[in-house]
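*Asks:* fold the following, please.
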Amino acid sequence: MPPRIAIVLPCYNEQEVLPSTARTLLALLDRFAADGIIAPDSYIMCSNDGSRDGTRSIIAALHSADPRVKGITLAHNRGQQAALLAGLMSVRERCDAAITIDADLQDNPEMMREMIELFSRGTDIVYGVRSSRDSDSWFKRVSAQTFYRFQSAMGLQTVYNHADYRLMSRRALDILSQYGESNLYLRGIMPDIGLRTAVVEYARTERTAGESKYPLGKMLALSIDGITSFTAKPMRMIFLVGLSLLLIDVIVALWVLYVHLTHHTVTGWSSLMLSVWFLGSLILMSIGIVGEYIGKIFVEVKRRPRYNIEEEIF
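*Replies:* Here you go, the predicted model:
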């Protein structure tokens, strides 16, 4: 029997692209159902992340026109990761597998066929991975590569050039539901789930309308959240830097003692000021890194809901 597939779209101010996206995906579902690779009752779940434009009313109109378009609306904006998780948890018991994809469809939706075929052969998680970044600007390409390499250097296990285009089986969704952290970073959680995985490659296209919801600032924030949620390596690095500076201090102390005993003491205002500024900056940075971890603990121990669903259209 063909699997029932749920396509989960995180939506934030997507009124410009959502109608055409829904048409494209509904046509895709029709073709896949006609080919017998998915069940006819497969559907689209729009997870509205507290949009301020007409996204909510568009989802309702699309559902009225075709019940295969369903939706949830979060009570307020919680970020893409929370919207993704809310959508996945809403469909977890109502599908055999879920596919997440951005609402702008820059990630090639035709690759869903290959994802579903891999799922039918027993794969639990299928990652959509970009084959190249030729369509990106130079700055976007370099910043993205730096983003992945920095995460890897910090000890965070992720899939290179993979964002949030993936298929997850119901078994993988059940395991995901057991992860209770408030500081969500799904790209880091996926490899931790384990199970049988596979990769499909695709070429990303230009955005046809609207604007990117992930500028540089949000990418940096997401990277910091991922690193501090999955590894304590930055704090270990602070210790190692401190140990290195201690060794340097011993060498400097020996030199100071030597010049003092040999009466070659000279005024060292410049070197002193540079040292003070350097060590002051290092201390402040170290306090900031430790504070980031303490802030994570502060949020986690309160065990507040990661999101609240205001409306569900199913």
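*Asks:* those helices in the stretch 51-200 of the chain, which residues are they?
*Replies:* Counting by DSSP state H, counting those that start in this stretch, the stretch 51-200 of the chain has these helices, from start to end: 55-65, 80-91, 112-120, 138-153, 170-176, 186-193.
*Asks:* could I get those helices as CSV with mean neighbour count?
*Replies:* C-beta: built from backbone N, CA, C; applies to glycine. Formatted as CSV, the helices of the stretch 51-200 of the chain follow (neighbours: other CB atoms under 10 Å):
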stretch, mean neighbour count
helix 55-65, 18
helix 80-91, 23
helix 112-120, 19
helix 138-153, 14
helix 170-176, 19
helix 186-193, 18
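*Asks:* hey, least reliable of those helices by pLDDT?
*Replies:* Out of these, helix 138-153 stands lowest, with a mean of 65 (criterion: mean pLDDT).
*Asks:* got a pLDDT number for Glu312?
*Replies:* For Glu312, pLDDT reads 87.
*Asks:* in a strand, it, correct?
*Replies:* Yes - judged by DSSP: H, G, I helix; E, B strand; the rest coil, Glu312 forms part of a strand.
*Asks:* any idea how far the closest residue to it other than its chain neighbours is from Arg130?
*Replies:* Nearest residue to Glu312, sequence neighbours excluded (CB to CB, 6 or more residues apart in numbering): Ile72, at 4.9 Å. According to CB to CB, to the nearest Å, Ile72 and Arg130 sit 28 Å apart.
*Asks:* the more surrounded of these two?
*Replies:* Comparing Ile72 with Arg130 by other CB atoms under 10 Å, the one with more neighbours is Ile72, at 25 against 21.
*Asks:* what bridges to that one?
*Replies:* Here Ile72 sits in beta bridges with Ser47, Glu312, as judged by DSSP bridges.
*Asks:* what confidence value was assigned to it?
*Replies:* Confidence score, pLDDT, at Ile72: 91.
*Asks:* check contacts around it.
*Replies:* If a contact means CB atoms under 8 Å, 6 or more residues apart in numbering, then Ile72 has Met45, Cys46, Ser47, Asn48, Ala86, Gly87, Ser90, Ile309, Glu311, Glu312, Ile313 as its contacts.
*Asks:* mind putting the residues you listed in TSV, distance to Ser244 included?
*Replies:* As requested, the contacts of Ile72 are exported to TSV (distance: CB to CB, whole Å):
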residue	distance to Ser244
Met45	51
Cys46	51
Ser47	47
Asn48	50
Ala86	45
Gly87	46
Ser90	50
Ile309	50
Glu311	55
Glu312	55
Ile313	58
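*Asks:* would you mind splitting the protein into its domains for me?
*Replies:* 5-212+307-313, 233-302 (automatic domain parsing).
*Asks:* residues touching stretch 18-37, excluding its own?
*Replies:* In contact with stretch 18-37 (CB under 8 Å, 6+ apart) are residues 2, 5, 7, 9, 11, 14, 38-40, 42-44, 46, 55, 58-59, 62, 66, 68-69, 103-105, 109-110, 112-113, 116-117, 120, 208-209.
*Asks:* same check, this time on stretch 101-117
*Replies:* Contacts with stretch 101-117, where a contact means CB under 8 Å, 6+ apart, come from 3, 5, 7-11, 14, 17-18, 21, 24-25, 28, 32, 37-38, 46, 97, 99, 126, 128, 163-167, 200, 202-210.
*Asks:* one more time with 6 Å, if that's ok
*Replies:* 9, 11, 14, 17, 21, 28, 37, 99, 126, 128, 165, 167, 200, 202, 204-205, 207 (CB atoms under 6 Å, 6 or more residues apart in numbering).
*Asks:* that one: end-to-end distance?
*Replies:* End-to-end span of stretch 101-117 (CA to CA, to the nearest Å): 17 Å.
*Asks:* begin at 36 from here
*Replies:* With the count now opening at 36, the last piece we talked about shows up as stretch 136-152.
*Asks:* quick revisit: list buried residues within the contacts of stretch 136-152.
*Replies:* Neighbour counting with 16 or more other CB atoms under 10 Å marks 44, 46, 49, 52, 56, 63, 72, 134, 161, 163, 200, 202, 235, 237, 239 as buried within those.
*Asks:* helix, strand or coil for the third one?
*Replies:* Just to be clear, that refers to Glu49. Of the three states, Glu49 takes coil under three-state DSSP.
*Asks:* just the pLDDT for Lys253.
*Replies:* 60.
*Asks:* what does the one 10 residues further on give?
*Replies:* Thr263 is assigned a pLDDT of 59 by the prediction.
*Asks:* can you check Val234 too?
*Replies:* 87.
*Asks:* same check on Ile73?
*Replies:* 92.
*Asks:* got the phi/psi numbers for it?
*Replies:* phi -140, psi 160 (degrees, to the nearest 10).
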